[in-house]
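1. Coordinates only, no sequence provided:
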């Protein structure tokens with residue numbers, strides 16, 4: 001049976017590195033902890049000392065509700081829920097329908113995907129005051145933090161203005177001042193100020209340069225044989241051998257979340273050949289037990305026209321996770 005190994009020390013090293021920028025970390029564990037397994041990953045985060053996390057929806061929040069003191073839900077329901085859940089508000093319409101008392105206000109500072117418009121800020125704050133919500137946090141999201149561009153600093157300056165306006169409103173109306181968070185993984189080392197909390201995602205998992213990979217995917221051997229010269233293997237015989245070679249079939253395929261390929265794929269110590277199947281793939285070589293598919297997604301992604309996030313998040317939750 002294939003196994004995802006989660007390297008605990010690599011995670012801790014990544015968190016230590018992030019902590020040097022800002023020790024107050026909102027760990028993003030949405031979408032099954034970027035494919036790593038939300039329960040296993042939450043256990044490691046709790047052991048490290050992380051108190052606050054961000055998840056996708058209420059279902060994910062319920063899974064980890066006993067691990068953290070605050071769980072920030074990016075796309076929440078409107079109904080009231082657990083006391084340690086905080087709902088992200090992405091629009092005035094949502095704010096008016098919301099019934100949960102603890103909220104984070106998202107502001108659109110330039111990504112133009114979702115969030116309260118900057119010109120709507122005071123209206124939103126009035127609604128929060130009148131409905132007696134507890135505004136726990138205010139945040140925004142960068143559109144171009146993975147590149148050096150003016151957009152990063154334009155959004156940063158806009159968020160500074162948002163912070164000032166929120167603080168002014170709170171003082172005037174005797175409301176508790178919320179905490180502010182803006183820096184995602186790519187922005188950690190680019191901003192003059194990371195505000196009260198940082199909100200890293202892919203850096204925690206080691207999916208970008210400078211951070212250690214947490215996920216290692218290994219597959220188990222299903223069968224072995226000799227592929228004779230002139231023989232093909234797999235669907236449509238996309239690989240034809242020009243010599244006698246040993247081949248091994250292992251138990252992961254695109255049904256397990258490995259990206260589809262039809263002309264082979266480079267693995268850690270060998271290569272897959274021909275077309276990948278739904279539940280298996282054929283490798284060059286004679287292997288006895290486990291075969292490392294990848295132990296650093298930053299290298300594995302070079303096989304494909306995609307990003308590390310896309311590979312990690314699609315690894316099937318059916319594959320067992322093991323912390324090492």
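-> Yes, it's here. Not measured: the values here are computed from a predicted model.
2. When you work out contacts or count neighbours from here on, use the C-alpha atoms and nothing else.
-> OK.
3. can you map out the helices along the protein?
-> Counting by DSSP state H, one finds helices in the chain at the ranges 8-21, 30-34, 38-48, 58-63, 92-97, 121-130, 150-172, 202-205, 297-300, 308-313.
4. For the ones you listed, give me a markdown table that also has distance to residue 112.
-> Compiled in a markdown table, those are given as follows (distance: least, C-alpha to C-alpha, whole Å):
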| stretch | distance to residue 112 |
| --- | --- |
| helix 8-21 | 27 |
| helix 30-34 | 21 |
| helix 38-48 | 29 |
| helix 58-63 | 24 |
| helix 92-97 | 15 |
| helix 121-130 | 15 |
| helix 150-172 | 11 |
| helix 202-205 | 22 |
| helix 297-300 | 29 |
| helix 308-313 | 21 |
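5. which one of these lies closest to residue 240?
-> With C-alpha to C-alpha as the measure, helix 297-300 is the member of those nearest residue 240 (23.8 Å).
6. Tell me the buried residues in the closest one?
-> Burial within helix 297-300, assessed by neighbour count using 16 or more other C-alpha atoms under 10 Å, is assigned to 297-298, 300.
7. what bits of the chain have low per-residue confidence?
-> Counting by pLDDT under 70, the chain shows no low-confidence range.
8. how is it carved up into domains?
-> The domain map for the chain lists 8-205, 215-323, with the assignment taken from automatic domain parsing.
9. returning to what we had before: quick one: which of the helices of the chain is nearest residue 243?
-> helix 297-300 (27.1 Å).
10. can you list contacts of that closest one?
-> Residues from elsewhere that reach helix 297-300 (C-alpha atoms under 8 Å, 6 or more residues apart in numbering): 207-209, 213, 215, 266-268, 294, 308, 311-312.
11. So which of those is the closest to residue 119?
-> Within those, proximity to residue 119 (C-alpha to C-alpha) peaks at residue 208, which comes in at 34.7 Å.
12. Name the nearest residue to residue 163, ignoring sequence neighbours.
-> Of all residues beyond its chain neighbours, the one nearest residue 163 is residue 180 (7.3 Å), with distances taken as C-alpha to C-alpha, 6 or more residues apart in numbering.
13. do residue 219 as well
-> Spatially, and ignoring its direct neighbours in sequence, residue 219 is nearest to residue 2 (4.3 Å; C-alpha to C-alpha, 6+ apart).
14. Run a quick neighbour tally on the one you found.
-> 21 (other C-alpha atoms under 10 Å).
15. Kindly present the contacts of helix 297-300 as a markdown table, with separate columns for distance to residue 199 and neighbour count.
-> Below are those laid out as a markdown table (distance: C-alpha to C-alpha, whole Å; neighbours: other C-alpha atoms under 10 Å):
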| residue | distance to residue 199 | neighbour count |
| --- | --- | --- |
| 207 | 15 | 26 |
| 208 | 15 | 19 |
| 209 | 17 | 10 |
| 213 | 18 | 23 |
| 215 | 20 | 26 |
| 266 | 33 | 17 |
| 267 | 32 | 17 |
| 268 | 31 | 14 |
| 294 | 27 | 20 |
| 308 | 18 | 20 |
| 311 | 21 | 20 |
| 312 | 19 | 22 |
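16. Closest to the centroid, which residue in the chain?
-> Ranked by distance to the mean C-alpha position of the chain (C-alpha atoms, centre = their mean), the top residue is residue 34 at 3.8 Å.
17. which residues touch that residue?
-> Contacts here follow C-alpha under 8 Å, 6+ apart; on that basis residue 34 touches 202, 205, 309, 312-313.
18. still on that earlier bit, identify the bridge partners of the residue nearest to residue 163.
-> In this entry, residue 180 is beta-bridged to residue 138, by DSSP bridges.
19. Burial check on it, number of neighbours?
-> Residue 180 has 22 neighbouring residues, counting by other C-alpha under 10 Å.
20. List the contacts of it.
-> 137-139, 163, 195-197.
21. Tell me if I'm right that residue 219 and residue 251 touch.
-> Yes: taking C-alpha atoms under 8 Å as the definition, residue 219 is a contact partner of residue 251 at 5.7 Å.
22. For the stretch 151-300 of the chain, which segments are assigned as strands?
-> According to DSSP state E, counting those that start in this stretch, the stretch 151-300 of the chain carries its strands in the segments 179-181, 215-219, 221-227, 232-233, 239-240, 245-250, 265-266, 271-273, 281-284, 291-294.
23. How far does the last one sit from its chain's centre?
-> Translated: strand 291-294. How far strand 291-294 lies from its chain's middle: 21 Å, per C-alpha atoms, centre = their mean, to the nearest Å.
24. which residues are in contact with it?
-> Residues outside strand 291-294 that contact it (C-alpha under 8 Å, 6+ apart) are 216-221, 250, 267-269, 300.
25. and it, which residues are buried?
-> 291-294.
26. Quick check: of the residues you listed, which lies closest to residue 228?
-> For residue 228, the nearest member of the buried residues of strand 291-294 is residue 291. The distance, counting by C-alpha to C-alpha, is 22.6 Å.
27. Just give me the neighbour total for the closest residue to residue 68 other than its chain neighbours.
-> Counting by C-alpha to C-alpha, 6+ apart, the nearest residue to residue 68 once its immediate chain neighbours are dropped is residue 51, at 5.1 Å. Counted by other C-alpha under 10 Å, the residues lying close to residue 51 total 16.
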